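**Q** Sequence and predicted structure below; questions after.
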Amino acid sequence: MEVVIFCGGAGTRLQEETVSRPKPMVNIGKRPILWHIMKNYVHFGHKDFILALGYRGEMIKNYFCHYELMNNDVTMELGKPENVCIHQNHEEGGWRITLADTGEKSLKGARLKKLQKFIKGETFMATYGDGVSDVNINALLDFHARHGKMVTVTGVLRPASYFGELKIDDDQVVEFFEKPKMPGFINGGYYVFNRRIFDYLNEADDCDLEYGPLEQIVEDGQLMAYKHTGFWSCMDTLRDLQKLERLWNEGKAGWKVWE
């Protein structure tokens, strides 16, 4: 099953870091937050990634194209570039990564629509490239399979903020509030989609996901919420980054489910 990760936004609220690189490439410890997100999916057996690139997407391409050289020991013979021996000593084996340019200015709905050609099955997953969680991915998939609706979004309990709030009735989302005023379940990402989602999207740059398509899907009774009460955190501001960095350095990274 493919895992789409939205990596194209400019990250304007984290300009201290994103002026020179895309937000998914901002490090927690010595690794980009994107790597942390992918490691969690791999822990649950999901290694087929599609990265929706946009702002400074070439940096993400460069990171993965040089991953083997930069994360392994290497023996080479100068003057003979064909004589390069990579000594495998990292654990990221079997990852399949599609790096797709979805436009620098595109909103998430447009980005997802442009990836339709890479989605082979009836069901796929998606998340944002700036949030980490210990959500049980396979339990999320089981929940999606049981209810039979088009979309599952992971709802996390947070105070009132600028994230999209979910009003939930017996696990079904009955209202979707973008930028709520009161505390409640908010959209933590970690979606599961049936490919019918593409009928709600188009490739115009102004096609969003949360505004419009998800609101319509709620009206159609096709959006369900998987309630997650474990660890979840975004990396939207410098303060968020500093918190995640501190947790990682202190060995208290609540999102680290892998060994």
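**A** Happy to help now that I have it. Here the structure is a predicted model, which is why all the values come from computation and not from measurement.

**Q** can you tell me which residues contact the nearest residue to Glu122 once chain neighbours are set aside?
**A** Leaving aside its sequence neighbours, Glu122 sits nearest to Arg195 (C-beta to C-beta, 6 or more residues apart in numbering; 5.6 Å). In short, each C-beta sits where N, CA and C put it, glycine included. By C-beta atoms under 8 Å, 6 or more residues apart in numbering, the residues touching Arg195 are Gln116, Ile119, Gly121, Glu122, Thr123, Phe124.

**Q** Restrict the worst-scoring helix or strand of the chain on mean pLDDT to CA atoms and write it as CSV.
**A** Of all helical and strand segments in the chain, the minimum by mean pLDDT, DSSP states H and E falls on strand 165-169, at a mean of 74. C-alpha atoms of strand 165-169 as CSV (Å, rounded to 0.1, in the frame of the first residue of the first chain):
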residue,chain,number,x,y,z
GLU,A,165,-11.2,20.4,14.3
LEU,A,166,-13.3,17.3,14.0
LYS,A,167,-16.8,17.0,15.4
ILE,A,168,-17.3,13.2,15.9
ASP,A,169,-20.5,11.2,16.4
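
**Q** Let me see the mean pLDDT of the very next helix or strand once past it.
**A** On the C-terminal side of strand 165-169, the closest following helix or strand by DSSP states H and E is strand 172-177. In this model, strand 172-177 has a mean pLDDT of 77.

**Q** that older thread, which of the contacts of Arg195 are buried? Put it as a PyMOL command.
**A** Buried subset of the contacts of Arg195, written as a PyMOL selection, criterion 16 or more other C-beta atoms under 10 Å:
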select buried, resi 119+124
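
**Q** on that earlier part again, who does the least confident helix or strand of the chain pair up with?
**A** strand 172-177 (antiparallel), strand 184-187 (antiparallel) (DSSP bridges).

**Q** Could you pull out the helices in the stretch 51-200 of the chain for me?
**A** Per DSSP state H, counting those that start in this stretch, the stretch 51-200 of the chain carries helices over the ranges 57-65, 67-71, 108-114, 137-147.

**Q** just those helices: most buried one?
**A** helix 108-114 (a mean of 24; mean count of other C-beta atoms under 10 Å).

**Q** what's the offset of it from the middle of its chain?
**A** Distance, stretch centre to chain centre, for helix 108-114: 14 Å (C-alpha atoms, centre = their mean, to the nearest Å).

**Q** list the helices and strands it packs on?
**A** strand 2-7, strand 48-53 (3 or more C-beta pairs under 8 Å, 6 or more residues apart in numbering; DSSP states H and E).

**Q** Would you mind giving the orientation angle of the last one with respect to strand 2-7?
**A** Per axes from the mean of the first three to the mean of the last three C-alpha atoms, to 10 degrees, the angle that strand 48-53 makes with strand 2-7 is 20 degrees.

**Q** for strand 48-53, what is the average pLDDT?
**A** 98.

**Q** With stretch 78-94 instead?
**A** 88.

**Q** Flag the shaky bits of the stretch 101-250 of the chain, pLDDT-wise.
**A** Scanning the stretch 101-250 of the chain for pLDDT under 70 picks out 159-165, 177-183.
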